[in-house]
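Q: here is my input, please return the structure:
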Amino acid sequence: MTGENDGAQTDSNDWRVTVRLTEAGAAHQAMTALSAHQVEDEVHQRLGGRVALGSDGAQGLFLYTHTQDAAAAATASVRELLGSSGQTAEFTVERWHPVEEEWEPADVPEPADPAAIQADAPFSR
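A: The predicted model follows:
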């Protein structure tokens, strides 16, 4: 399964941090800075998690992790790095919903058992 328009492979454990830069066209510069800073290595050292970076080419960056803690650590690292270079951004954290097959806000609970999954499935409505 894939996420919306970003082509990233996802599974039921994926988390996505979306970073919307306030300056138009700043995504390339921010991606370069993040790659040089090695956010993935920092998160890996802090939490043992991995971060994959993506961009929409304009004002959006995407950081993909496999845990909520890694998403929080990636958010903190990127917020600090962008702040040190004078860039501002809005951050959202989402989780891949395996039944709906789309990104949803992190605070939306996932179905916990087979009956809940069946009730949540689009074809059962």
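Q: what's next to the longest strand seen in the chain, contact-wise?
A: Scanning the chain for the longest strand, with DSSP state E as the assignment, gives strand 89-97. Under the contact criterion Cβ atoms under 8 Å, 6 or more residues apart in numbering, strand 89-97 has outside partners 1, 3, 10-22, 30, 61, 68, 71-72, 75, 78-79, 82, 102-106, 108, 110. In this view, the C-beta of every residue, glycine as well, is placed from N, C-alpha and C.
Q: make a PyMOL selection of whichever of those turn out to be buried.
A: Listed next is the PyMOL selection for buried residues among the contacts of strand 89-97, using 16 or more other Cβ atoms under 10 Å:
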select buried, resi 3+10+14+15+16+17+18+19+21+30+61+71+72+75+78+79+82+103
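Q: among the contacts of strand 89-97, which are in helices?
A: 30, 68, 71-72, 75, 78-79, 82 (DSSP state H).
Q: list just the nearest of those residues to residue 54.
A: Within those, proximity to residue 54 (Cβ to Cβ) peaks at residue 30, which comes in at 11.9 Å.
Q: mind listing what that closest one touches?
A: Counting by Cβ under 8 Å, 6+ apart, residue 30 makes contact with 19, 21, 61, 82, 87, 89.
Q: what's the helix or strand for the fifth one?
A: Here residue 87 sits in a region with no helix or strand, counting by DSSP states H and E.
Q: these two touch, right, it and residue 24?
A: No - using Cβ atoms under 8 Å, residue 87 is not in contact with residue 24; the gap is 11.9 Å.
Q: between those two, which one's more packed in?
A: Neighbours per residue, other Cβ atoms under 10 Å: of residue 87 and residue 24, the larger number sits with residue 87, 18 against 8.
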